[in-house]
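K.L.:
for reference, the sequence and a predicted model appear below.
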Amino acid sequence: MGAEQSVPAGVEVQPAAPATAAPSNQPDGAQTEESSSQQSSAMPSALVLVGPSGVGKGTLAKRLMDGAPERFGFSVSHTTRAPRPNEQHGVHYYYTTKEQFAKEIGEGKFLEYAEVHGNLYGTSVAAVRDVLESGRVCILDIDVQGARAMRKSGLKGIFVFIAPPSLEDLANRLAGRGTETVEQITRRLHNAKQEIESINEKGLYDYLLINDDLEEAMKRLTAIAGRAAVGLGPEPGMVPERVVLEDAPLPDIRALTEQQQQQAAASAGGAAPASQPAEAAPAQAAPAAPAPEASHAPEASAAPVAAPQANGVVVSAASAVAEQQGMEGVPPGFEKWQGKVALVTGASSGIGWATCEALALAGMRVVAVARRKDRLEELQRHMHAMGVPLVNFLPVVCDITKEAEVATLPKIVAKRWPECGVDVLINNAGMSRNDASLFEGNIGSWVEMLSTNVLGTCMMTRAVVQDMKRRSSYGHIINMIGLSGHRIPDGPQGGGFYCATKSAVKTITEGLRQEARGAKLPLRVSGISPGVVETEFFAVRAFGDADATRKATSAFKCLQPVDVADAVMWCLSCPDHMEVNDIVVRPTEQLI
Ligand SMILES: Nc1ncnc2c1ncn2[C@@H]1O[C@H](COP(=O)(O)OP(=O)(O)OP(=O)(O)O)[C@@H](O)[C@H]1O
Ligand SMILES: Nc1nc2c(ncn2[C@@H]2O[C@H](COP(=O)(O)O)[C@@H](O)[C@H]2O)c(=O)[nH]1
């Protein structure tokens, strides 16, 4: 027997039976209620999560492991399915060919294997052994056929069937995850009906857990996993004698996907900012059933924008576009961010718009934050036209100067993508006014600049860092400092106040970096300081005079928003040991 075939601690291996073997009502190795409840040893055992695709096994497993990596490890399976863009070989799966898989079956490498939804999946002896030998609970995420085979293998562990509240919920989750096409979802859902019927196979499962509310499900699973951690067997009687399954028709996935995509943004809840009452109602066709919070939320909370039609096509949430482009658009080093969430403020135009586009095209989930709902809707249409899956895009109407609106943003993100939080924050929103001289300036303009450029940046940062702390997951914060954080180009004309706010952003960026280092957190902090960029900045500074931009940007070829977005992408693509602290970039012809 080769190394791969040696018996893992606590695992008695019987040769893997092909998963197509007829299921047994009393599988070998299944524990009777008496024997299982008495089973106890100091050694952690396996925790086998079974259930239809999309029910949340992976989400629950990840949460368990993130919460206590010293107690739980994952059995990384082999598969012949292609990796999704955000997946890593050796972390999510070992990706292999059919030929290699067949060869390794012959070599007795697998504890179990099965064809699932058209691909081969298998649990190797080594995958389970390595985790158990490290003294941790080994979490397996396998299908029903795999569970039957595992029972036969004699693996010591607790088997939990995770069920969805309904097929419709399951369909919604699969569509929302966005990693499969409509056809693939239909196939997985069709299989789900049969998989759910396995609940009634005597002795197959120890627990039935309905993953309705994720937090509740986590609480129950944590308690079950705690037993596995100390080698205790399952409690008796945790699977009902007989579960009556309603013969519900399969949801129409294509229709549901369209509806789901429309609802997704709105279902996060929230009302339009108090300062923008006219924008409270979605301009797009209202979703069929808006979440109650949408109409009853307190005035001051951010509001997601309703999504337009998405042609019913679900493409990879993690990086459909990158996949379509064969990863061409993705800068080297950026792969680590695929499927992660970036929040961009000031997303309705210029640098913010271009940054949202670059991030989404490279496979990130993007939360676009701005005050102007019509512009966010336009950005959403633009994203759709660019081929960005709308499941990856969350536009939110929010005024970053309003504390209560900012505070709701992490919640909106968590509602939309339950297993996620903001990983990357781009504090881009900033503005200037041309009536802010220090001799005779308009105090309202000072307040506006201070609130947006300084306090808005700080409030956004605080909200996101606190959420990162809660999740123990630290990403990257990039502040748009601007060249005005480094020098005063138009002091005699009264530009001093604006520059003061920008040099405050520069100092805050360094302060944040030092706080992160002081707290030994892996958060990375960067600043970007572009000179003249051709954006609406100048029109805003001139209180809406569109000609002001032309005047300010016609002397020479200015930077374009995409140039700055490129700098953002570069900051994010640098290796983990490298933190870009400030990028100063001017148009070549700009003097000061
Ligand atoms: N309780 C829940 N409520 C709402 N959404 C959920 C819940 N649990 C998980 N989800 C979401 O459902 C989607 C599918 O979850 P996940 O990928 O964990 O399923 P899975 O069972 O591991 O699927 P597969 O077997 O295909 O790997 C994810 O987008 C996840 O965020
Ligand atoms: N029998 C096994 N099933 C497995 C294994 N690894 C994963 N799976 C199941 O396959 C489906 C699809 O997974 P996906 O990653 O393509 O969405 C899912 O239900 C998994 O539980 C395995 O090693 N053996």
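P.N.:
That came through, no problem. Ligands and ions are numbered 1, 2, ... in the order given.
K.L.:
and the closest residue to residue 214 other than its chain neighbours, how many residues sit next to it?
P.N.:
With sequence-adjacent residues excluded and distances taken as Cβ to Cβ, 6 or more residues apart in numbering, residue 214 is closest to residue 418, at 5.3 Å. Where C-beta positions appear, they are placed from N, C-alpha and C, glycine not excepted. The number of residues packed near residue 418 is 15, by other Cβ atoms under 10 Å.
K.L.:
cool, and the one 10 residues further on?
P.N.:
Here the count is done by other Cβ under 10 Å, and residue 428 has 28 residues near it.
K.L.:
quick revisit: which element is the residue nearest to residue 214 on?
P.N.:
Assigned by DSSP states H and E, residue 418 belongs to no helix or strand.
K.L.:
looking at it, it is touching residue 215, isn't it?
P.N.:
No - assessed by Cβ atoms under 8 Å, residue 418 is found out of contact with residue 215, at 9.4 Å.
K.L.:
show the pLDDT at residue 344.
P.N.:
Per-residue confidence at residue 344 stands at 98 (pLDDT).
K.L.:
roughly how far apart are the residue nearest to residue 214 and residue 535?
P.N.:
35 Å (Cβ to Cβ, to the nearest Å).
K.L.:
again, but for residue 65
P.N.:
Noted for residue 65: a distance of 43 Å to residue 535, by Cβ to Cβ.
K.L.:
what are the boundaries of the helices in the stretch 151-300 of the chain?
P.N.:
With DSSP state H, counting those that start in this stretch as the criterion, the stretch 151-300 of the chain has helices at 167-177, 182-197, 214-229, 253-267, 292-296.
K.L.:
any idea which of these gets closest to ligand 2?
P.N.:
For these, proximity to ligand 2 was assessed by Cβ to the nearest ligand atom; helix 182-197 is nearest, at 7.6 Å.
K.L.:
ok, which of the helices of the stretch 151-300 of the chain comes nearest residue 113?
P.N.:
Residue 113 sits nearest to helix 182-197 of all these, at 16.7 Å, using Cβ to Cβ.
K.L.:
is ligand 2 within reach of that closest one?
P.N.:
No - contact of helix 182-197 with ligand 2 (Cβ under 6 Å from any ligand atom) is absent, the minimum separation being 7.6 Å.
K.L.:
tell me how far that helix is from the chain's mean position?
P.N.:
Mean-position distance between helix 182-197 and its chain equals 24 Å (Cα atoms, centre = their mean, to the nearest Å).
K.L.:
what's around residue 514, how many residues?
P.N.:
11.
K.L.:
tell me which element it is part of?
P.N.:
helix 496-518.
K.L.:
now the element after that helix, going C-ward?
P.N.:
Following helix 496-518 in sequence, per DSSP H and E, is strand 524-530.
K.L.:
in the protein, which residue sits closest to ligand 2?
P.N.:
residue 146 (2.4 Å).
K.L.:
show me the contacts for that residue.
P.N.:
19, 50, 112, 113, 114, 116, 121, 123, 140 (Cβ atoms under 8 Å, 6 or more residues apart in numbering).
K.L.:
in a markdown table, list these along with pLDDT.
P.N.:
Supplementary listing: the contacts of residue 146 in a markdown table, determined by pLDDT from 0 to 100:
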| residue | pLDDT |
| --- | --- |
| 19 | 39 |
| 50 | 98 |
| 112 | 96 |
| 113 | 96 |
| 114 | 96 |
| 116 | 96 |
| 121 | 97 |
| 123 | 97 |
| 140 | 98 |
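K.L.:
brilliant, that's me finished.
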